[in-house]
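>>> All I have is the shape, not the residue letters:
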């Protein structure tokens, strides 16, 4: 066998060893030896490692699902460490196909590139455990989300631009004031300046007492005291990925996006208009805004959960967008 052929075969083996999978509901992929969790392999609980996996050695991904196709959350929590559980549960299963999809996890384009291949060879993506470094994994996840999902979400561009700024860390908030030494008040205005909580992305949109009450009181009933170790960008991406896969609830994603934007509007009204949070008024107007977003023909939601613009008149389209923007601006005004 010539040197050239051996090099080609070696390169093929290298790619096959490092590819990742998007599993289907009937997937026969091995749970332990396949990269199917956010581009990496899941970590089993200690007692399974001590027992050599036992009868679960040949466990398949389809064994983690009910017959109806839903994921068996109890089984997932039983056999995987919490860090892996937090990545597995939001991972959607390809319910429309019986086969699995393969992708290259080391590029934001989800396809193999020579640059990313050399990065893998020289260990740029891995830690000493042989798994993806958290920083590299998160950066790839964010880039992939922005390229493939963000701009296809339902709703006006106003919402998507805010989401893009959150994921890229481009919002003018308190933590950025400190980082840039601007001398402006960096404390959260929603939970009260007397608490002296620095306004970070995580605090403002998730961990603040007011934001926590908003998420839990919403239709989605999200408890923000769970998975607080996740960066906000990853927390949002996980929830959007999960909600996009909920075919029985087409509008859950719209609820999430409206709530996220409403928190930002509430914060701005608190700073620039001196308005305070009134829970009853907020949720009443939040519900109205969600209804407006769902009924609006500009944001008609298709059966696959994607938002599409459905207007034949450009003037009507502009009027609808302006209507939504006005609704956001007056969200907390009684």
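The structure has been received and is ready for your questions. Only a predicted model underlies this, so the values are computations on that prediction, with no experimental measurement involved. Residues are numbered from 1 along each chain as shown.
>>> how is this protein carved up into domains?
Domain assignment for the chain, taken from automatic domain parsing, gives 3-132, 149-329.
>>> so which of those domains comes closest to residue 139?
domain 3-132 (8.2 Å; CB to CB). C-betas here are computed from N, CA, C, even on glycine.
>>> With residue 279 as the reference, measure out to the spatially most central residue of the chain.
Closest to where the C-alpha atoms of the chain average out (CA atoms, centre = their mean) is residue 237, at 0.9 Å. Separation of residue 237 from residue 279 (CB to CB, to the nearest Å) stands at 28 Å.
>>> Summarise which helices and strands the helix or strand residue 280 falls within is packed against.
Assigned by DSSP states H and E, residue 280 falls within helix 279-295. Counting contacts by 3 or more CB pairs under 8 Å, 6 or more residues apart in numbering; DSSP states H and E, helix 279-295 is packed against helix 209-217, helix 252-272, helix 314-329.
>>> mind listing the helices for this structure?
3-18, 46-50, 73-79, 82-88, 114-121, 134-148, 157-168, 174-179, 201-202, 209-217, 232-244, 252-272, 279-295, 314-329 (DSSP state H).
>>> and the shortest one, how far out from the chain's middle?
In this view, helix 201-202 has its centroid 14 Å away from the chain centroid, taken as CA atoms, centre = their mean, to the nearest Å.
>>> if we look at it, which residues are touching it?
166, 169, 171, 173, 175, 228, 231, 232, 233, 235 (CB atoms under 8 Å, 6 or more residues apart in numbering).
>>> what does the first one give?
The contact list for helix 3-18 (CB under 8 Å, 6+ apart) reads 35, 104, 105, 106, 112, 117, 120, 121.
>>> what's the burial count for the residue lying closest to the fourth one once chain neighbours are set aside?
Okay, so that is residue 106. Spatially, and ignoring its direct neighbours in sequence, residue 106 is nearest to residue 116 (4.3 Å; CB to CB, 6 or more residues apart in numbering). Residue 116: 20 surrounding residues under other CB atoms under 10 Å.
>>> I'd say residue 231 and residue 138 touch.
Yes. With contacts defined as CB atoms under 8 Å, residue 231 counts as touching residue 138 at a distance of 6.6 Å.
>>> In JSON lines, list the domains of the chain along with distance to residue 143.
Listed next are these as JSON lines, based on distance: least, CB to CB, whole Å:
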{"stretch": "domain 3-132", "distance to residue 143": "3"}
{"stretch": "domain 149-329", "distance to residue 143": "9"}
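>>> I'd like these laid out as a markdown table, including mean pLDDT.
Converted to a markdown table, the domains of the chain look like this (pLDDT from 0 to 100):
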| stretch | mean pLDDT |
| --- | --- |
| domain 3-132 | 76 |
| domain 149-329 | 78 |
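>>> hey, which of these is tucked in deepest?
Each of those was scored by mean neighbour count; the highest is domain 149-329, a mean of 16, by mean count of other CB atoms under 10 Å.
>>> rewinding a little: looking at the domains of the chain, which is nearest to residue 142?
domain 149-329 (5.4 Å).
>>> next one: that closest one to chain centre, how far?
Centre-to-centre, domain 149-329 and its host chain are 13 Å apart (CA atoms, centre = their mean).
>>> Kindly report the same for stretch 56-66.
In terms of CA atoms, centre = their mean, the centre of stretch 56-66 is found 25 Å from the chain centre.
>>> Equivalent analysis for stretch 6-19, please.
The chain centre lies 31 Å from the centre of stretch 6-19; the measure is CA atoms, centre = their mean.
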